[in-house]
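Colleague: what's the 3D shape of this:
(chains A and B)
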There are 2 protein chains.
Amino acid sequence: MRNTFLSILIFIVSLPCIADHAPIAMVIHGGAGTIRRADMSEEGETAYREALETALRTGFEILTNGGTSLDAVEATIRTMEDSPLFNSGKGAVFTHEGRNELDASIMEGKTMNAGAVAGVTILKNPISAARAVMEKSKHVMMSGRGAELFATQQGLEVVDPQYFWTEKRWKSLQKALEDEKTASSNAALDENPDHKFGTVGAVALDRDGNIAAGTSTGGMTNKRFGRIGDSPVIGAGTYAKNDTCGVSATGHGEFFIRWSVASRISDLMEYKGLSVDDAATEVVELLREVGGEGGVIALDAKGNVSMPFNSEGMYRGFVKDDGKVHIAIYGD
Amino acid sequence: MRNTFLSILIFIVSLPCIADHAPIAMVIHGGAGTIRRADMSEEGETAYREALETALRTGFEILTNGGTSLDAVEATIRTMEDSPLFNSGKGAVFTHEGRNELDASIMEGKTMNAGAVAGVTILKNPISAARAVMEKSKHVMMSGRGAELFATQQGLEVVDPQYFWTEKRWKSLQKALEDEKTASSNAALDENPDHKFGTVGAVALDRDGNIAAGTSTGGMTNKRFGRIGDSPVIGAGTYAKNDTCGVSATGHGEFFIRWSVASRISDLMEYKGLSVDDAATEVVELLREVGGEGGVIALDAKGNVSMPFNSEGMYRGFVKDDGKVHIAIYGD
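Modeller: Purely as a prediction, here's the structure:
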């Protein structure tokens, strides 16, 4: 009886706070591609669901405690970078030469500040390096050794490149290299579409109504020539603008760059008055028409979430004010 | 008498051809920044005007002979890369470490194919390397050694890095380094705004109504950490879409990336129905408001040209069907 009374009292007292606060929300992805229910073991699915939930809860806790969307995005992506399941950080795929070259970017919707790193090989958490570029340098985009030098000067955690070695990714590279011997390199790459689109991303909305977005990736298995995909390209893989939305993309990066996917969604909202879901869906549909496989996650300042994709599956999830975690993997 | 008759006959015969053909047009820039009449010698101004005219005529001749806009853009930019006057190719500025790291990108409005290279040090003409990435690889963006390896395999001209050494640029670096000793690095960079925004770019429209755009740069004097500016970023420094326009930008690259300047101009035309001049002007005005100095050149499929900038000057010029070359440098 006393407990019930107390609960009711707490509820009534907290009502104005709930009303005062802007909504918070968090949406993530762990890559898109040929992800089929039939190919996934129960064990594997559980592992992905748990990793996605951990990531979402990490960022959501920060938002619930009044933290910034920028902190939430960085912390969320770090958990995915530290997991071997996703193609970013620890789980990054191998280049043709058997290296791991990582890309990441982050953007803040309030100031439209942004930071990105491309082709880094010794930074444990590229998303934190991207944030350091944004906050501690006059630049937006840094690459290779220079980016590593800067991040090291900023005190970010450096690891031996061996840290990124995982058996699963190494086998993927060996398979890709073998396939290349027996087929054209186009065919070889097309046989690994789920590896090709591995990326992680997060978009968050905090109590102050500020949006932030970030993306991190190991790129494409067997990539070469210092290839840079869409993940570290502001406007392609990542975008955030409080007036419109935050976006993180995952897919066949070349198409996402050519269509400026992330900023196009923002522009469709700003210049054509579309809702975040209509804008994101229109761009993903456009990509399908031109042959660009993948998807996006997007979030507006009211907490509306959109997660469209044109591939068979996309690791994804979101959580809003009510704290209920939604996770999905397949297209059905 | 016979000559007059012949001229009239040729004119009458050629009339249907003129009517049949879509308009051709070519617009270029050679960088924006603090370019003041008072600071420029008559000799210097003549040299810039002549180099701009040579560049324009090179591309225009290709267009007049029925060549593609892509060929015109590449050939035009190559003449500017080969000139020591502009901050691209031969005239590239020096990085903090005394190197020349070049960036370039190119895009075709018909297919929306694109190519870019970042941080290359041994390629004589980065714009041709960008085109090779677009046409000969599955990727859009390549960087550093990998990009150099690819371009070399494609048979592009390789030079000793010493080729890019020019006394003028070397002195600029020495001055920047000295300034850094006596002031904050922010102040030092701000004292060299005209070097900071050195870039060349071209946009062309061919007889088939196809638009192409390209941009090439040596980046920022005294740049470090593998900094990548907007020039090799599709959607920021370069964009082309036949339905809307072609754009090449020059300015404080970090702002141009964060505002997705080139694709924003295209989106304003596509989603808000603006003319190319209104769209380009609106974006350059937006940049002024947020502190992003520079300008753009833009061209639509009807041959309408726009060259807005918010800095003191921008090396620029255009030529249309009538073959009359227009060159301008200052803001007045």
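Colleague: Closest approach to chain B from the stretch 151-300 of chain A, which residue is it?
Modeller: Closest to chain B within the stretch 151-300 of chain A is A:G226: 2.8 Å, counting by CB to the nearest CB. Bear in mind the C-beta positions are built from the backbone N, C-alpha and C, glycine included.
Colleague: ok, the residue nearest to A:A25 when sequence neighbours are not counted - contacts?
Modeller: The spatially closest residue to A:A25, leaving aside those adjacent along the chain, is A:G303, at 4.0 Å (CB to CB, 6 or more residues apart in numbering or on different chains). Going by CB atoms under 8 Å, 6 or more residues apart in numbering or on different chains, A:G303 touches A:23-25, A:205, A:320-321.
Colleague: Could you check how many residues crowd around A:D277?
Modeller: Per other CB atoms under 10 Å in any protein chain shown, the neighbour tally for A:D277 reads 16.
Colleague: between the helix or strand containing A:A118 and strand B:114-120, how many degrees?
Modeller: Assigned by DSSP states H and E, A:A118 belongs to strand A:114-120. Between strand A:114-120 and strand B:114-120, the angle comes out at 80 degrees (axes from the mean of the first three to the mean of the last three CA atoms, to 10 degrees).
Colleague: what pairs with strand A:114-120, and is each one parallel or antiparallel?
Modeller: Using DSSP bridges, strand A:114-120 pairs in its sheet with strand A:102-108 (antiparallel), strand A:141-143 (parallel).
Colleague: list the buried ones in stretch A:288-306?
Modeller: Within stretch A:288-306, the residues scored as buried using 16 or more other CB atoms under 10 Å in any protein chain shown are A:292-301, A:303-306.
Colleague: per-residue confidence averaged over stretch A:112-132?
Modeller: Stretch A:112-132 carries an average pLDDT of 98.
Colleague: what's the distance between that stretch and the middle of its chain?
Modeller: 13 Å (CA atoms, centre = their mean, to the nearest Å).
Colleague: Going by neighbour count, list what's buried in that stretch.
Modeller: Applying 16+ other CB under 10 Å to stretch A:112-132 flags A:112-132 as buried.
Colleague: what about it, how long is it end to end?
Modeller: Separation of the first and last residues of stretch A:112-132 by CA to CA, to the nearest Å is 15 Å.
Colleague: And stretch A:55-64, what's buried?
Modeller: A:55-60, A:62-64.
Colleague: what packs against the longest helix anywhere in chain A?
Modeller: Taking DSSP state H as the criterion, chain A has its longest helix at helix A:42-64. Other elements packing on helix A:42-64 under the criterion 3 or more CB pairs under 8 Å, 6 or more residues apart in numbering or on different chains; DSSP states H and E are strand A:25-33, helix A:69-82, strand A:200-205, strand A:313-320, strand A:325-330.
Colleague: That helix to strand A:25-33, inter-axis angle?
Modeller: Put simply, helix A:42-64 runs at 150 degrees to strand A:25-33, going by the same axes, to 10 degrees.
Colleague: And the contacts of helix A:42-64?
Modeller: A:24-26, A:28, A:30, A:68-69, A:71-73, A:75-80, A:83, A:85-86, A:200, A:202, A:204-207, A:315-319, A:323, A:325, A:327, A:329.
Colleague: For the closest residue to chain B within the stretch 51-200 of chain A, the count of nearby residues, please.
Modeller: Distances between the stretch 51-200 of chain A and chain B by CB to the nearest CB are smallest at A:G146, namely 2.8 Å. A:G146 is flanked by 25 other residues according to other CB under 10 Å.
Colleague: where's it, which helix or strand?
Modeller: Using DSSP H and E, A:G146 falls in helix A:144-153.
Colleague: buried set for that helix?
Modeller: A:144, A:146-148, A:150-151.
Colleague: ditto for stretch A:85-99
Modeller: Buried residues in stretch A:85-99, counted by 16+ other CB under 10 Å: A:85-96.
Colleague: Alpha carbons of it, as PDB, please.
Modeller: C-alpha atoms of stretch A:85-99 as PDB (Å, rounded to 0.1, in the frame of the first residue of the first chain):
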ATOM      1  CA  LEU A  85      31.100  -9.100 -34.900                       C
ATOM      2  CA  PHE A  86      31.000  -5.900 -36.900                       C
ATOM      3  CA  ASN A  87      33.300  -4.700 -39.700                       C
ATOM      4  CA  SER A  88      34.800  -1.800 -37.700                       C
ATOM      5  CA  GLY A  89      37.600  -1.600 -35.100                       C
ATOM      6  CA  LYS A  90      38.400  -5.000 -33.800                       C
ATOM      7  CA  GLY A  91      36.300  -6.800 -36.400                       C
ATOM      8  CA  ALA A  92      37.600  -4.900 -39.400                       C
ATOM      9  CA  VAL A  93      38.000  -6.800 -42.700                       C
ATOM     10  CA  PHE A  94      41.400  -7.100 -44.400                       C
ATOM     11  CA  THR A  95      42.700  -5.200 -47.400                       C
ATOM     12  CA  HIS A  96      44.300  -7.000 -50.400                       C
ATOM     13  CA  GLU A  97      47.700  -6.700 -48.700                       C
ATOM     14  CA  GLY A  98      46.400  -8.300 -45.500                       C
ATOM     15  CA  ARG A  99      46.200  -5.100 -43.500                       C
END
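Colleague: What are the contacting residues of stretch A:125-136?
Modeller: Contacts to stretch A:125-136, defined as CB under 8 Å, 6+ apart, come from residues A:70, A:73-74, A:77-78, A:81-82, A:88-89, A:102-108, A:113-117, A:120, A:123, A:139-142, A:147, A:150-151, A:154, A:156-157, A:214, A:216, A:232.
Colleague: ok, back up a step: include distance to A:S275 and pLDDT when you put the buried residues of stretch A:55-64 into a markdown table, please.
Modeller: Formatted as a markdown table, these follow (distance: CB to CB, whole Å; pLDDT from 0 to 100):
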| residue | distance to A:S275 | pLDDT |
| --- | --- | --- |
| A:A55 | 26 | 98 |
| A:L56 | 23 | 98 |
| A:R57 | 27 | 98 |
| A:T58 | 28 | 98 |
| A:G59 | 23 | 98 |
| A:F60 | 23 | 98 |
| A:I62 | 27 | 98 |
| A:L63 | 22 | 98 |
| A:T64 | 26 | 97 |
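Colleague: Just the helices from the stretch 151-300 of chain A, written as ranges.
Modeller: Shown for the stretch 151-300 of chain A, the helices assigned by DSSP state H, counting those that start in this stretch span residues A:167-182, A:185-190, A:193-196, A:253-258, A:261-272, A:276-290.
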